[in-house]
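Peer 1: Here is my input; please provide its structure:
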Amino acid sequence: MSTDLKLGLNLGYWQRNADDATEIVQTAERLGYGSVWTAEAYGSDAFTPLAWYGARTSRIKLGTSVAQISARTPAATAMTAMTLDHLTGGRLLLGIGASGPQVVEGWYGRPFPKPLARTREYVEIMRKIWRREEPVTGDGEHYPLPYPGGAGIGKPLKLITHPLRAEIPLYLGAEGPRNVALAGEIADGWLPLFVFPEKIEQMYGPSLAGTGPDFDIAAMVMTLITDDVRAGLDGVKMMLTLYIGGMGAKSRNFHADIIGRMGYAEAAEEIQALYLAGRRDEAFNAIPDDLADGISLVGPVERIRERLELWRKSPVTSLLVMGPRDETSLRTVRDLVLG
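Peer 2: Numbers count the residues shown, from 1 in each chain. Reported below is the predicted structural model:
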């Protein structure tokens, strides 16, 4: 059980020219936030904004939440991570994830099957590259090195640049129990998208059973300070409408699956059916308020302070808050979480 929570700021996707969060990141650093995180899907990449913010800060850690493994070979991700880690003085937290079949096969043009085996192999290669103990080879099914074909003259190579750190902290974005167990086995932390703090042990207890005290469960949490709880919950429900309804195929939606495992399977099925039928307002209205409230921190300061106790009693060790974008709200959240 966690009592002292670490605090980070999750900025999500970089979307447009005006979305330069440098001032927000600098404010978060000054206020004592431990990390800032950026994401990617099929728009902006996760690394470039971190390089931008890293050049304008000096202490705050820089996390990808998450970099998609099908977007790059293991060697390309290892090189990018090593370079960014060097340039920022060892501040990178590398979060990776398998994404879903729609994005992997529809956007990256790569096969989705066997995501756990692919992830394991990917991590093994990156760590071999960073350690520079010998030229890198791999006999796995998904990323064999050297490539067994082509010109037939590929050779094992060793990273030219010596990494600043041979062990860059590695996180897995994971939702299914087996994938969470993999994170506990091979990674330094887990990046869950939706967490219901009262239910996390019931849902993932066996998956997390072998993790040690340094394993970081860094939960992404929508955090909205407002006297209008109804409006705040509606903001959370808008996000859930998209993820449950539209971020995945009807036959395979990992976000809908996790909502089902929280005890809302019938609601998730209804939300997805309404969304895919184009009835998005009805999908929004079908999201239970207690689901939106359970996975977020919404309301006046005292309400959030009270709800934070549920997170402190859970296995979660870091809160990556999504929502605060000005100094007042960043300071208020800092005071609530860090005391």
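Peer 1: make it CA atoms for all contacts and neighbour counts henceforth
Peer 2: Noted.
Peer 1: neighbours of L93, just the number please.
Peer 2: 22 (other Cα atoms under 10 Å).
Peer 1: Phi and psi next, for it.
Peer 2: Main-chain dihedrals, L93, degrees, to the nearest 10: phi -120, psi 110.
Peer 1: Tell me which residues touch T64, please.
Peer 2: W37, T38, A39, A46, F47, L93, L94, G95, I96 (Cα atoms under 8 Å, 6 or more residues apart in numbering).
Peer 1: neighbouring contacts of whichever strand or helix holds R30?
Peer 2: Assessed by DSSP states H and E, R30 sits inside helix 22-31. Helix 22-31 is contacted from outside by 9, 35-36, 52-53, 56-57, 59-60, 325-327, 330-331, 334, using Cα under 8 Å, 6+ apart.
Peer 1: count of neighbours near L233?
Peer 2: 22.
Peer 1: Mind listing residues that contact the helix or strand containing it?
Peer 2: If you go by DSSP H and E, L233 is part of helix 229-246. If you take Cα under 8 Å, 6+ apart as the criterion, helix 229-246 is touched by 222, 224-226, 253, 255-256, 259, 268, 271-276, 280, 283-284, 287, 289, 292-293, 296, 298-300.
Peer 1: Now which of the residues you listed would you call buried?
Peer 2: Buried by 16 or more other Cα atoms under 10 Å: 222, 224-226, 253, 255-256, 259, 268, 271-275, 280, 283-284, 287, 292-293, 296, 298-299, out of the contacts of helix 229-246.
Peer 1: Mind checking which of these are in helices?
Peer 2: Under the assignment DSSP state H, the buried ones among the contacts of helix 229-246 contribute 255-256, 259, 268, 271-275, 280, 283-284, 292-293 to helices.
Peer 1: now, which of those sits nearest G205?
Peer 2: I259 (16.8 Å; Cα to Cα).
Peer 1: That closest one reaches E270, doesn't it?
Peer 2: No: using Cα atoms under 8 Å as the test, I259 is too far from E270 to be in contact (11.9 Å).
Peer 1: show me where this protein has helices.
Peer 2: 22-31, 47-54, 74-87, 101-106, 115-131, 177-186, 200-204, 229-246, 254-259, 265-276, 280-285, 289-294, 301-312, 327-338.
Peer 1: Distance across stretch 100-112, terminal residue to terminal residue?
Peer 2: Using Cα to Cα, to the nearest Å, the gap from the first to the last residue of stretch 100-112 comes to 7 Å.
Peer 1: hang on, I meant stretch 156-169
Peer 2: For stretch 156-169, the end-to-end distance is 25 Å (Cα to Cα).
Peer 1: before we move on, the earlier item: now for the ones in helices among the buried ones among the contacts of helix 229-246: which two are most distant?
Peer 2: Farthest apart among those - using Cα to Cα - are A273 and D293, which lie 22.4 Å from each other.
Peer 1: how about low-confidence regions in this protein?
Peer 2: Of all residues in the chain, those with pLDDT under 70 make up the ranges 1-3, 17-18, 248-251.
Peer 1: Kindly report the domain assignment for it.
Peer 2: Listed by automatic domain parsing, the domain ranges of the chain are 6-221+311-338, 227-299.
Peer 1: want to throw these into CSV with distance to R305?
Peer 2: Shown next, in CSV, are the domains of the chain (distance: least, Cα to Cα, whole Å):
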stretch, distance to R305
domain 6-221+311-338, 6
domain 227-299, 9
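Peer 1: By neighbours, which of the contacts of T64 wins?
Peer 2: W37 leads the contacts of T64 on contacts (other Cα under 10 Å) with 29 neighbours.
Peer 1: In this structure that one contacts G63, no?
Peer 2: Yes: using Cα under 8 Å, W37 is in contact with G63, at 4.4 Å.
Peer 1: what do those two both touch?
Peer 2: L50.
Peer 1: dump the residue contacts of the closest residue to M126 other than its chain neighbours.
Peer 2: Among residues not flanking M126 along the chain, A78 sits closest, at 5.2 Å (Cα to Cα, 6 or more residues apart in numbering). By Cα under 8 Å, 6+ apart, the residues touching A78 are M126, R127, I129, W130.
Peer 1: From those residues, list just the buried residues.
Peer 2: The neighbour count (16+ other Cα under 10 Å) marks M126, R127, I129, W130 as buried among those.
Peer 1: how many other residues sit next to the closest residue to Q68 other than its chain neighbours?
Peer 2: Spatial nearest neighbour of Q68, excluding adjacent residues (Cα to Cα, 6+ apart): G97 at 5.1 Å. G97 has 22 neighbours, counted by other Cα under 10 Å.
Peer 1: do the one 5 residues further on as well
Peer 2: Residues near Q102, counting by other Cα under 10 Å, number 16.
Peer 1: same question, M262
Peer 2: 17.
Peer 1: How about A277?
Peer 2: For A277, the count of nearby residues is 11 (other Cα under 10 Å).
Peer 1: partners of the strand ranked longest in the chain in the sheet?
Peer 2: Across the chain, the longest stretch assigned as strand under DSSP state E is strand 216-225. When pairing is defined by DSSP bridges, strand 216-225 lines up against strand 189-191 (parallel), strand 297-299 (parallel), strand 318-322 (parallel).
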